[in-house]
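*Asks:* following is a predicted model, sequence given first.
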Amino acid sequence: MKILIVGGAGYIGGYMTDLFLKNPEFEISVYDNLLYEKMFLKKTNFIFGDVRDTKKLGRIINEFDIVIWLAAIVGDAACAVNEELTNNVNFESVKWLVDNYQGKIIFMSTCSVYGMNNNLLDETSKTNPLSEYARTKLEAEDYIKKNKSDYLIFRLGTLYGIGDKTSRLRFDLVVNILTLKAVYGEPLTVFGGQQWHPILHVKDVAHAVQYSIQNDITGCYNLSERNVVIADLAKMIAEIVPNTQIIYSEMRFEYSRNYKVKNDLMLSEKWKPVLSLQDGINELVEVIRCRRMIDGCDPL
């Protein structure tokens, strides 16, 4: 089975590539523009390229049985910087893929498409994207559903943890940044604190994708480990990192997203997450204390 991982050098793709390379059923290629890396060292076929380079993609895309589309501008802040670029990368490139590719598409979306909602949400719940990131992801989802029969969409909870041992860490994610601040001895500022978020270890994305390929799962699924209240998350980190101070502050709009999701549909497929929130916090603490990065707050 020939699989192309588009965006395979990133936060999700690094571990996914490692995992899939161990599977003798899979023949893996990675397509990436190395935005945050200077080289690609893994022992698999690598194609350097941008998702907006449709000529290059067009020459190779239909050589593969499955395309896993991880490439995106991710997060509300990053997507707000240049909305035209965000639309081109997050929606237009996916539209091109659907229109030009014959095989199965596996697409990573986000639970952010639900916006603010106090109910427990399943895949049929009303969407309410509050950011350019969520809007473009939902638009890409909708185009896939309307124009493709063989697809798998995962609406991911907020990711956390360490992926592979070489790719860039991400500290724009709530579990990761709070853990970083705690290890650095900084207080954890919690805005509001009663917001719910679904969360998931980054490695479990790869586990879920591999399981889905092996079991021929299609459709649209929420993917999370659990729902967590932000204040409780801060308390858990403080228990693991002694002497951590928590400061509670008034809600700011950029922290106002509040949603809980059900992942019963994916669990009904007999998949379950492998890693826990405590696992993720512990591994982050270890890596940060080992000084793997010079400056964890560096946006790059």
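*Replies:* Structure received. Numbering: from 1, shown residues only.
*Asks:* neighbouring contacts of stretch 17-28?
*Replies:* 1-3, 5, 8-9, 30, 42-45, 164, 203, 206-207, 210, 213-214 (Cβ atoms under 8 Å, 6 or more residues apart in numbering). C-beta here means a position set from N, CA and C on the backbone, and glycine is covered the same way.
*Asks:* from those, which ones fall inside helices?
*Replies:* Of the contacts of stretch 17-28, the ones assigned to helices by DSSP state H are 203, 206-207, 210, 213-214.
*Asks:* are any of the contacts of stretch 17-28 buried, and which?
*Replies:* 3, 5, 8-9, 30, 42, 44, 164, 203, 206-207, 210, 213 (16 or more other Cβ atoms under 10 Å).
*Asks:* now those residues as CSV including distance to Tyr133 and pLDDT?
*Replies:* Listed next are those as CSV, based on distance: Cβ to Cβ, whole Å; pLDDT from 0 to 100:
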residue, distance to Tyr133, pLDDT
Ile3, 26, 98
Ile5, 21, 98
Gly8, 21, 94
Ala9, 20, 92
Val30, 24, 97
Lys42, 28, 91
Thr44, 29, 93
Asp164, 24, 88
Lys203, 22, 97
Ala206, 22, 98
His207, 24, 98
Gln210, 26, 98
Ile213, 26, 98
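*Asks:* for these, which one is nearest Gly280?
*Replies:* Nearest to Gly280 among the buried ones among the contacts of stretch 17-28: Lys203, at 8.9 Å, using Cβ to Cβ.
*Asks:* in this structure the closest one contacts Gly163, no?
*Replies:* Yes - with contacts counted by Cβ atoms under 8 Å, Lys203 reaches Gly163, the gap being 6.5 Å.
*Asks:* residues that sit against both of these two, list them.
*Replies:* Both Lys203 and Gly163 are contacted by Tyr15, under the criterion Cβ under 8 Å, 6+ apart.
*Asks:* rounded mean pLDDT for stretch 215-228, please.
*Replies:* Mean pLDDT, computed over stretch 215-228, is 97.
*Asks:* gap between the two ends of it?
*Replies:* Taking Cα to Cα, to the nearest Å, stretch 215-228 runs 29 Å from one end to the other.
*Asks:* identify the residues contacting that stretch?
*Replies:* Here stretch 215-228 has contacts from 104, 109, 111, 121-123, 141, 145, 150-157, 196-201, 204-205, 208, 211, 260-263, 265-266, 269-270, 273, 275-277, using Cβ under 8 Å, 6+ apart.
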